[in-house]
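Trainee: Sequence and computational prediction follow.
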Amino acid sequence: MEVEGGHPHAETEIPGTLGPGSGVMAGAVREILANVPRQRGDVSPKVRSALRDLYGLKTNPARLIRALRAYYATVVTEAGRHIAPQCEVLKGSGAEHYLMLWPEGSRIRSDIARRCRLFAEVAFSSTGPCDLFRDLYQAVFPGAMRHANGEYYTPGWVADLVLDRAGFSGGTSPRLLDPSCGSGVFLVHAAHRLKSEGADPLDTIFGFDINPLAVPAARVNLLACLGARARRRRKIPNVFLQDCILGGADGTYAGKDRWFEFVVGNPPWVLWDNLPDDYREQTAALWRRYGLFNLPHTQGRLGGGKKDLAMLFTYAAADRYLAPGGRMAFVINQGIVQSARAGAGFRRFKIGASGDDLCVTRFDDLSALSLFDASARPGVIVFTKGRQTRYPVLYTVWSRGKKSGGLSCVEKLARPVASDRLDAPWEIVDSSNAAPRAVPDPSYTAHTGAYSGGANGVFWIEVLRDNGVTARIRNMNLVGKRQVEEKTATIETRLIYPLLRWRDVGRWRAEPGQHILLVQEPISRKPVPEAVLRANFPRTHSYLKNFEDILLTRKSGVVRELMQRTSFFAMFGVGEYTVCPWKVVWRRMVKEFTAAVVGKASVGGEAKPIVPQETLTFITCNDEAEAHYLCAVLNSPQATAKARSFAVPGGKSFGTPGMLGYFSIQRYDRRDPVHRELADLSRSAHECVRRGAGTASLPAIETRISQVVGAHAVLS
């Protein structure tokens with residue numbers, strides 16, 4: 001809670017007095033639960049676990065959640081009555097019905113009303129912006145529950161940074177909207193800027209939220225900005241229950257003037273895959289209308305569909321509420337500007353096919369600050385509506401001192417990594433290295449490994465005994481998110497291949513640890529017809545029939561689509577490239593390239609190509625020398641530096657096949673002495689790692705690789 005010059009113990013007193021550890025909350029929830037009807041609710045396992053850890057969960061989680069919401073709504077209402085007794089803060093918020101769950105004449109509710117005087121003490125003694133309910137909300141509702149709804153509380157200094165970047169100074173009383181206002185941190189900080197100018201701080205400040213609990217909380221926080229004047233105010237602050245994407249709800253904003261000179265905020269961060277099915281259906285047309293689903297079908301399958309709801313929210317808010325020439329500043333996931341496929345439509349910066357342009361004026365990268373949680377990578381993007389983006393864009397990278405904890409920033413520049421594609425991922429460069437770059441001319445194509453669609457426990461196998469034509473196998477039933485029954489069987493070895501898992505790959509090292517059952521025809525990229533499998537590989541067919549029900553219920557859309565057209569044992573991501581003898585392979589979702597060369601391994605007395613799993617990326621090669629040449633280039637510091645300039649290190653897009661499309665690597669030529677030297681250096685590096693004890697010479701080999709790559713134009 002940010003209280004500048006306010007109540008000295010407010011930050012600890014409010015959660016302690018009214019939070020989960022207090023007797024008053026425990027008693028209140030028990031009373032409310034007695035009036036909550038039996039109900040079914042779709043509560044995720046993660047939220048259920050978080051509620052159990054915090055509250056013990058001796059009741060239905062859906063009922064408990066409703067009781068918690070009723071309790072929180074009561075606290076906000078009573079706080080509002082102490083701060084602005086003539087203002088009906090709950091009216092039209094959508095949260096009114098929660099108060100009806102209290103038993104008549106409840107003494108605990110009277111006790112809550114008395115304790116809520118503390119909020120007024122904080123409000124009337126504060127000299128700066130404060131969020132009265134942040135700490136209590138975070139204490140009552142566990143993080144898993146908040147994050148499932150895309151809720152991340154914004155620190156006060158970030159709210160000020162957003163307002164600064166938008167150019168909102170408070171003068172001339174411009175209209176400002178936060179369309180996902182939560183408890184109102186951006187509204188409160190904006191109101192204090194207006195207050196310092198002597199204007200009524202609430203007349204031109206507007207907020208929307210889809211959460212009925214957020215609406216009254218933001219209203220009370222805005223009323224607190226008035227100090228003692230709030231006691232005489234009757235007018236409800238301009239905060240409304242409204243879905244910015246789909247439109248209104250009960251109590252919706254119905255103002256005649258929908259345009260705002262400033263639109264700011266922190267929109268919900270929820271991936272498309274995690275949205276409720278009905279909301280996906282309701283918003284599908286808008287995703288397409290705004291050009292956010294503009295990828296070819298196969299690219300959407302391979303990660304391009306990992307859309308963040310914040311992208312749709314941003315475009316909808318700009319389209320519906322941002323005035324022509326107006327300024328928007330939003331906190332978004334930094335990966336949106338650097339994800340190879342998922343953010344491509346967003347980076348068009350145009351509202352649909354024929355709508356207004358959005359001119360990006362700058363971006364603040366806050367990803368190193370761990371503002372929300374370890375995995376969140378926030379950034380602040382700033383638009384002006386009605387002009388085209390001109391590159392390069394000012395890109396500010398923020399960091400925090402390890403000892404002092406102080407903030408510092410470095411100014412860089414951002415531009416599309418491919419100059420002929422404005423929707424390409426951004427590469428981040430120093431201002432001294434901002435010369436226009438050539439269009440990439442990729443000589444190599446990368447692929448992902450074989451994808452079972454969530455049935456690794458069926459297709460991944462351990463060979464217990466290799467009999468030549470047949471093998472005794474046991475499925476690796478405990479791998480993956482979906483565990484299956486353990487089966488031991490004898491099957492034909494012809495369909496068994498060496499399996500290379502993510503864990504089997506390191507820098508200069510790749511050794512298959514298990515095997516995979518590959519019932520696909522690489523040329524057609526379809527599974528072996530079931531009739532053919534039954535006739536020619538009856539043991540394998542019998543083994544797979546044990547798991548038919550499990551395979552048919554796989555959740556992967558791309559695998560389900562393939563099954564519907566072919567057989568129940570279909571897999572995705574298998575082609576001629578999968579069984580190519582020589583490959584250079586590396587891990588996805590890492591911070592640097594960890595490439596290695598793989599060839600064949602023996603199964604049933606036959607040398608077979610090694611098959612990578614889907615979390616690995618690989619390039620097929622004509623021979624061993626070409627594979628080692630490519631491995632040396634990819635493991636060079638130059639390759640990692642280039643990748644980091646336009647992909648998030650450790651992010652889902654780092655190391656993907658699409659990333660290679662922005663590399664120009666010279667095609668291997670055995671006549672070129674530079675290429676031959678790099679291949680030899682890679683062989684030596686692999687041998688060093690294989691020997692283990694001889695790795696002392698590895699740094700010298702890697703230094704030489706860096707020198708050769710840096711001195712010659714093998715990579716650009």
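Mentor: Yep, that arrived.
Trainee: And the residue nearest to Asn622 when sequence neighbours are not counted, what's its pLDDT?
Mentor: Nearest residue to Asn622, sequence neighbours excluded (CB to CB, 6 or more residues apart in numbering): Trp582, at 7.2 Å. From N, CA and C alone the C-beta is placed, and that goes for glycine too. At Trp582, the pLDDT value in this model is 97.
Trainee: what's the burial count for Trp582?
Mentor: Using other CB atoms under 10 Å, Trp582 is surrounded by 22 other residues.
Trainee: Specify the beta-bridge partners of it.
Mentor: Per DSSP bridges, the residues bridged to Trp582 are Cys621.
Trainee: Need the contact partners of stretch 79-96.
Mentor: Stretch 79-96 is contacted from outside by 69, 73, 76-77, 99, 113, 116-117, 119-120, 123-124, 132-133, 212-213, 215-216, 219-220, 223-224, 226, 230-236, 240-241, 249-251, using CB atoms under 8 Å, 6 or more residues apart in numbering.
Trainee: pull the longest strand from this protein.
Mentor: strand 322-333 (DSSP state E).
Trainee: Counting by contacts, list what it packs against.
Mentor: In terms of contact count using 3 or more CB pairs under 8 Å, 6 or more residues apart in numbering; DSSP states H and E, strand 322-333 is assigned the packing partners helix 156-166, strand 260-265, helix 309-320, strand 378-385.
Trainee: Could you name the specific helix or strand carrying the residue nearest to Thr488 when sequence neighbours are not counted?
Mentor: Distances taken as CB to CB, 6+ apart place Arg474 nearest to Thr488, at 4.7 Å, with adjacent residues excluded. Per DSSP states H and E, Arg474 falls inside strand 470-475.
Trainee: Can you give the distance from that strand to the centre of its chain?
Mentor: Computed by CA atoms, centre = their mean, to the nearest Å, the separation of strand 470-475 from the middle of its chain amounts to 39 Å.
Trainee: partners of that strand, with directions?
Mentor: When pairs are called by DSSP bridges, strand 470-475 turns out to pair with strand 460-466 (antiparallel), strand 488-492 (antiparallel).
Trainee: What number of residues are in the vicinity of Thr396?
Mentor: Neighbours around Thr396, by other CB under 10 Å: 18.
Trainee: Sorry, slip of the keys, the one I care about is Gly650.
Mentor: Using other CB under 10 Å, Gly650 has 13 neighbouring residues.
Trainee: pLDDT value on it, please?
Mentor: Gly650 is assigned 79 on the pLDDT scale.
Trainee: Hmm, Glu592 and it touching each other?
Mentor: No - assessed by CB atoms under 8 Å, Gly650 is found out of contact with Glu592, at 9.5 Å.
Trainee: Let me see the ranges of the strands in the stretch 51-200 of the chain.
Mentor: Remark: strands assigned in the stretch 51-200 of the chain by DSSP state E, counting those that start in this stretch are 176-178.
Trainee: Give the ranges of residues in it that sit below the confidence cut-off.
Mentor: 196-199 (pLDDT under 70).
Trainee: so how far is the longest helix along the chain off the chain centroid?
Mentor: Across the chain, the helix with the greatest residue count (assigned by DSSP state H) is helix 61-83. Distance of helix 61-83 from its chain centroid, counting by CA atoms, centre = their mean, is 30 Å.
Trainee: What distance do you get for Gly171 to Arg534?
Mentor: 79 Å (CB to CB, to the nearest Å).
Trainee: the more surrounded of the two?
Mentor: Per other CB under 10 Å, whichever of Gly171 and Arg534 has more neighbours is Arg534, with 14 against 11.
Trainee: how many neighbours does Thr448 have?
Mentor: 22.
Trainee: Met589 is in contact with that one, correct?
Mentor: No - when contacts are counted by CB under 8 Å, Thr448 is not listed as touching Met589 (12.0 Å).
Trainee: give me the low-pLDDT residue ranges for the chain?
Mentor: Ranges of the chain meeting pLDDT under 70: 1-13, 41, 196-199, 248-256, 294-306, 373-374, 432-441, 693-696.
Trainee: related to what we said a few turns ago, can you go through the contacts of stretch 79-96 and name the buried ones?
Mentor: Among the contacts of stretch 79-96, those buried by neighbour count (16 or more other CB atoms under 10 Å) are 69, 73, 76-77, 113, 116, 119-120, 123-124, 132-133, 212-213, 215-216, 219-220, 223-224, 226, 230-231, 233, 236, 240-241, 249, 251.
Trainee: In helices, which of these appear?
Mentor: 69, 73, 76-77, 113, 119-120, 123-124, 215-216, 219-220, 223-224.
Trainee: residues contacting the residue nearest to Asn622?
Mentor: 597-599, 620-624, 626-627.
Trainee: Who does the closest residue to Gln514 other than its chain neighbours form a beta bridge with?
Mentor: Once flanking residues are discounted, Gln514 sits nearest to Leu499: 4.9 Å by CB to CB, 6+ apart. For Leu499, the beta-bridge partners under DSSP bridges are Gln514, Val611.
Trainee: Next, count neighbours for Leu499.
Mentor: 26.
Trainee: do the same with Ala285
Mentor: When counting by other CB under 10 Å, one arrives at 9 neighbours for Ala285.
Trainee: distance of it from Gly352?
Mentor: With distances taken as CB to CB, Ala285 is found 11 Å from Gly352.
Trainee: again, but for His97
Mentor: For His97, the distance to Gly352 equals 38 Å [CB to CB].
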